[in-house]
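[1] Predicted model follows, preceded by the sequence.
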Amino acid sequence: AQTVTQSQPEMSVQEAETVTLSCTYDTSESDYYLFWYKQPPSRQMILVIRQEAYKQQNATENRFSVNFQKAAKSFSLKISDSQLGDAAMYFCAYRAYNTDKLIFGTGTRLQVFP
Amino acid sequence: EAQVTQNPRYLITVTGKKLTVTCSQNMNHEYMSWYRQDPGLGLRQIYYSMNVEVTDKGDVPEGYKVSRKEKRNFPLILESPSPNQTSLYFCASTPRGAVDGYTFGSGTRLTVV
């Protein structure tokens, strides 16, 4: 069975600094997708970034980028120039290519200090 | 506006009193799913549906029921709620096979006393 592990229950960062959130996963599939979702206090689930496993190039969305290491089954999220609005719970998620089911990690709560 | 609508947003109930959490989507998505979110456990899938009249168990189905009589609606039923079902519940939908087509509802905070 596929699993997603987030080993950092909480992280903190100073405004304008950079922070990296860790995620590892376990799968025997070769084709899959990985996601980072942001959940602010409003409880809304917001897609931050997506990575296709067949792509070697790391995905980037403005201040958000990932470090995807397929062999190591690692998928970390880097937030550059952190802003107060980045404070939220962040979930790493996995989806096998031939299914619609999202499998989530346990989440990392990010605090941003001024 | 394309959205998944969940109701109610907050609910406090007593042990054993049947309740239904409604979920409706207006995007004609085939796939719908219910998750529960608990501290330290993340989101776990309760039930899912790949289309009308097609439903199946997720990872934590005990104590829950669902139905999919219409494509847009996917209610979650707790026939005899217990305190261990106190949680934050999310409904979500996506077109089949869409890479990042997931849309989530705004969540239902359920407390069973």
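    That came in fine, so what should we check first?
[2] Quick check on the nearest residue to residue A:11 once chain neighbours are set aside: phi, psi?
    Sequence neighbours aside, residue A:110 is the residue nearest to residue A:11 in space, at 5.2 Å (criterion: C-beta to C-beta, 6 or more residues apart in numbering or on different chains). (Each C-beta comes from the backbone N, C-alpha and C, glycine too.) Phi and psi for residue A:110, reported as degrees, to the nearest 10, are phi -100, psi 130.
[3] for residue A:110, which residues make a bridge with it?
    Judged by DSSP bridges, the bridge partners of residue A:110 are residue A:11, residue A:88.
[4] Repeat that for residue B:54.
    Residues in beta-bridge contact with residue B:54 (DSSP bridges): residue B:51.
[5] quick one on the thing from earlier: which residues touch the residue nearest to residue A:11?
    Contact analysis of residue A:110 by C-beta atoms under 8 Å, 6 or more residues apart in numbering or on different chains lists A:10-13, A:19, A:21, A:79, A:86-90.
[6] Out of these, the closest to chain B would be?
    residue A:89 (9.1 Å; C-beta to the nearest C-beta).
[7] Verify the stated contact: the closest one with residue A:43.
    No. The pair residue A:89 and residue A:43 fails to qualify as a contact (C-beta atoms under 8 Å) at a distance of 9.3 Å.
[8] So these two - more neighbours on which side?
    residue A:89 (20 against 17; other C-beta atoms under 10 Å in any protein chain shown).
[9] Show the backbone phi and psi for the spatially most central residue of chain B.
    Centroid-nearest residue in chain B, with C-alpha atoms, centre = their mean: residue B:34, separated by 3.0 Å. The phi/psi pair for residue B:34 (degrees, to the nearest 10) reads phi -110, psi 140.
[10] I'd assumed residue B:66 was in contact with it.
    Yes. Contact criterion C-beta under 8 Å: residue B:34 and residue B:66 qualify, at 6.6 Å.
[11] any shared contact partners between those two?
    In contact with both residue B:34 and residue B:66: B:46-47, B:74, B:76, using C-beta under 8 Å, 6+ apart.
[12] Near residue B:27, how many other residues are there?
    Count around residue B:27 with other C-beta under 10 Å applied: 14.
[13] Now do the SS call for it.
    coil (DSSP: H, G, I helix; E, B strand; the rest coil).
[14] so what's it up against?
    Residue B:27 touches B:2-3, B:93, B:95, B:103, counting by C-beta under 8 Å, 6+ apart.
[15] Now the two most distant members of the residues you listed.
    Among these, the pair separated by the greatest distance (C-beta to C-beta) is B:3 and B:95, at 14.7 Å.
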